[in-house]
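K.L.:
Sequence and predicted model, in that order:
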Amino acid sequence: MKTRKHTILPLAALAGLAIATSANATVMTFEGLGTVAIPGGFGDNIAAAETGISVSNGTTPNIDLTWDGSWAFYNDATWSAAYLQNYQVGAQHDLQFTPDTGFGVLVDSFVFDDYANYGNPTNQFNWFLYEDSDAGALIGSGTETTADGDNLTVNTGMATAYAGTVLLRIEEHSDDVGGSYDQALDSISFTQQAVPEPTTTALLGLGGLALILRRRK
């Protein structure tokens with residue numbers, strides 16, 4: 001008598017196959033925007049490339065952004081960036097990414113610019129990436145050092161889109177406390193991804209269980 005062979009996939013694998021989607025990416029380049037305070041919702045719901053924003057592999061129409069008021073556009077021959085205003089040791093500058101229901105956000109990377117020939121030979125800064133708020137789970141963090149004129153790319157290491165607000169915080173922590181500061185963020189890259197509703201995930205799990213039980217009969 002022949003014995004049937006059964007291939008049993010874990011429920012998580014079944015669910016992953018069912019809900020896999022491609023990510024859409026937005027990169028804020030800040031080019032051509034002059035030198036004025038950044039509006040609180042700059043970068044909201046990007047459906048197409050526009051001044052200061054590029055897109056790749058789609059757009060991010062389901063992500064809202066909130067700047068905390070301590071940022072300004074800065075454009076000259078050296079910089080096109082989001083300038084950190086009111087700079088002093090310990091100063092914090094926040095940017096929030098909030099997805100619509102049914103979507104998650106992933107903050108990929110940013111570039112930290114240190115303006116050339118402006119003051120300190122080196123500067124340090126801390127960065128933090130939180131779920132929901134600064135009281136939420138820490139996604140990633142680091143302390144970085146830049147030299148005068150550096151453009152330092154920081155990869156956050158965030159691997160999974162989060163279906164809630166993601167808070168990016170930059171905190172000044174300088175080598176030279178008495179010097180001048182002229183630093184900014186550039187090329188802030190973030191993506192959106194569709195995520196299943198809880199009921200959808202439950203149905204996927206039940207469907208996978210039914211498939212396994214059927215194969216066992």
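P.N.:
Structure received.
K.L.:
Would you map the strands across this protein?
P.N.:
Under the criterion DSSP state E, strands of the chain are mapped to 24-28, 53-56, 63-67, 71-75, 80-84, 92-99, 103-114, 122-131, 138-147, 151-155, 166-172, 183-194.
K.L.:
tell me what the last one is packed against?
P.N.:
Translated: strand 183-194. For strand 183-194, the helices and strands in contact under the criterion 3 or more C-beta pairs under 8 Å, 6 or more residues apart in numbering; DSSP states H and E are strand 24-28, strand 80-84, strand 92-99, strand 103-114, strand 166-172. For every residue, glycine as well, the C-beta is placed using N, CA and C.
K.L.:
for it, which positions count as buried?
P.N.:
Applying a neighbour-count criterion of 16 or more other C-beta atoms under 10 Å, one finds 183-194 buried in strand 183-194.
K.L.:
which among those residues gets closest to residue 63?
P.N.:
Ranked by distance to residue 63 (C-beta to C-beta), those are led by residue 192 at 5.1 Å.
K.L.:
pretty sure the closest one is in contact with residue 64, am I right?
P.N.:
No: with contacts defined as C-beta atoms under 8 Å, residue 192 does not count as touching residue 64, sitting 10.7 Å away.
K.L.:
Need the residues touching each of the two.
P.N.:
With contacts taken as C-beta atoms under 8 Å, 6 or more residues apart in numbering, residue 192 and residue 64 have residue 99 as neighbours in common.
K.L.:
how about JSON lines for the strands of the chain, with distance to residue 36 and mean pLDDT added?
P.N.:
Conversion of the strands of the chain to JSON lines gives the following (distance: least, C-beta to C-beta, whole Å; pLDDT from 0 to 100):
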{"stretch": "strand 24-28", "distance to residue 36": "15", "mean pLDDT": "88"}
{"stretch": "strand 53-56", "distance to residue 36": "16", "mean pLDDT": "93"}
{"stretch": "strand 63-67", "distance to residue 36": "12", "mean pLDDT": "97"}
{"stretch": "strand 71-75", "distance to residue 36": "6", "mean pLDDT": "93"}
{"stretch": "strand 80-84", "distance to residue 36": "10", "mean pLDDT": "92"}
{"stretch": "strand 92-99", "distance to residue 36": "17", "mean pLDDT": "96"}
{"stretch": "strand 103-114", "distance to residue 36": "18", "mean pLDDT": "94"}
{"stretch": "strand 122-131", "distance to residue 36": "23", "mean pLDDT": "91"}
{"stretch": "strand 138-147", "distance to residue 36": "25", "mean pLDDT": "92"}
{"stretch": "strand 151-155", "distance to residue 36": "23", "mean pLDDT": "94"}
{"stretch": "strand 166-172", "distance to residue 36": "20", "mean pLDDT": "94"}
{"stretch": "strand 183-194", "distance to residue 36": "14", "mean pLDDT": "94"}
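K.L.:
ranking those by burial, who's on top?
P.N.:
Ranked by average neighbour count under the criterion mean count of other C-beta atoms under 10 Å, the strands of the chain are headed by strand 80-84 at a mean of 24.
K.L.:
Now do that one: distance to the chain's middle.
P.N.:
On the basis of C-alpha atoms, centre = their mean, to the nearest Å, strand 80-84 sits 17 Å off its chain's mean C-alpha point.
K.L.:
CA-only coordinates of it, as CSV, when you get a sec.
P.N.:
This file holds the C-alpha atoms of strand 80-84, laid out as CSV (Å, rounded to 0.1, in the frame of the first residue of the first chain):
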residue,chain,number,x,y,z
SER,A,80,19.6,71.4,-0.7
ALA,A,81,18.4,70.1,2.7
ALA,A,82,16.2,70.3,5.8
TYR,A,83,18.1,72.6,8.1
LEU,A,84,18.0,72.0,11.8
